[in-house]
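Peer 1: got a predicted structure here, sequence first:
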Amino acid sequence: MQLLFKYSCFMFFLCLSFCLKAQSQQQDIVYLKNGSVVKGTILLFKPQGLLKIEILGGSILVYPVADVLKIAKETVPNTSVKLIKRPNHRFSGQGITHRLSIENMLGRGTYGVVPGFGHHYQCNYHVHRLLGIGAGVGINTFIDLSFIPLYANLKGYFMKTTASLYYDLNIGYGFVLPSYHLNSQGGLYLRPALGVRFPSTRAAHLFLDFGFNVQFATAETMDWNNNISTYKYVFLRPSLRFGISF
């Protein structure tokens, strides 16, 4: 343990020395007898000959050593590398936003727990941070039927910061895609949700929300005896939606 402690201290002071070295550098100062002061890096110094010094910009100056009064050094900040932290994006609370997302839905079917999947696009106009009005379209796929939901959307962000909780409400109609059923019709589509918009330095933000997907539908099927039966479907699925807004 004592050896580990000494090694940790050594690495700490080593890193600290590198940081201090990166933040500063040495510079030569040449004072001439005529009153001039030249700052740079001395390249050549011969006591009975010449002095060569490279100044800022790369120019090299040459002086007789007899004209030099004294030479000194100073520490100057190293401004060659600057870490610039980009500020987080701040949503103005108004304007048009777009959202692309994927959705995973879980529920029980004939064969137990059955996953469902969705892909969605939304466009909203925010009259205020707390109220955005828009529309969306998507594809929701279940084990029995697939739908194209077309819906109106209400959305609002609770916070002014780049990271914010929000509410999301979809309400519309789900159109049934062709399937093995003889005849099928869609029905009401509804999805309320609460989510979080993650912080970002740009206008694009990742988001994640949890909602409840409700989809009504009816379908007709024919059994082996050519009997036609009508089924009413009500898909009630908790759903997790992840995507990007811009």
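Peer 2: Happy to help now that I have it.
Peer 1: got the buried residues for stretch 216-232?
Peer 2: 216, 217, 219 (16 or more other CB atoms under 10 Å). From N, CA and C alone the C-beta is placed, and that goes for glycine too.
Peer 1: what do you get for stretch 159-177?
Peer 2: Here stretch 159-177 shows 162, 164, 166, 167, 168, 170, 172, 174, 175, 176 as buried, counting by 16+ other CB under 10 Å.
Peer 1: one more: stretch 39-58?
Peer 2: The neighbour-count check on stretch 39-58 (16+ other CB under 10 Å) flags 40, 51, 52, 53 as buried.
Peer 1: what do you get for stretch 126-141?
Peer 2: Along stretch 126-141, these residues count as buried under the neighbour rule (16+ other CB under 10 Å): 126, 129, 132, 134, 136, 138, 140, 141.
Peer 1: average pLDDT across that stretch?
Peer 2: Averaged over stretch 126-141, pLDDT sits at 95.
Peer 1: next: stretch 47-61.
Peer 2: The average pLDDT within stretch 47-61 is 86.
Peer 1: from the chain's centre, how far out does it sit?
Peer 2: 50 Å (CA atoms, centre = their mean, to the nearest Å).
Peer 1: need the CA coordinates for it. PDB is fine.
Peer 2: The C-alpha trace of stretch 47-61 is given here as PDB (Å, rounded to 0.1, in the frame of the first residue of the first chain):
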ATOM      1  CA  PRO A  47      31.200  35.600 -26.600                       C
ATOM      2  CA  GLN A  48      33.600  37.300 -29.000                       C
ATOM      3  CA  GLY A  49      31.400  37.100 -32.100                       C
ATOM      4  CA  LEU A  50      27.700  37.300 -33.000                       C
ATOM      5  CA  LEU A  51      24.300  36.700 -31.400                       C
ATOM      6  CA  LYS A  52      21.400  35.300 -33.400                       C
ATOM      7  CA  ILE A  53      17.900  35.500 -32.000                       C
ATOM      8  CA  GLU A  54      14.600  34.300 -33.500                       C
ATOM      9  CA  ILE A  55      11.700  36.600 -32.800                       C
ATOM     10  CA  LEU A  56       8.000  36.100 -33.000                       C
ATOM     11  CA  GLY A  57       7.000  35.400 -36.600                       C
ATOM     12  CA  GLY A  58      10.100  33.500 -37.500                       C
ATOM     13  CA  SER A  59      12.500  36.400 -38.400                       C
ATOM     14  CA  ILE A  60      16.100  36.000 -37.300                       C
ATOM     15  CA  LEU A  61      18.100  39.000 -36.100                       C
END
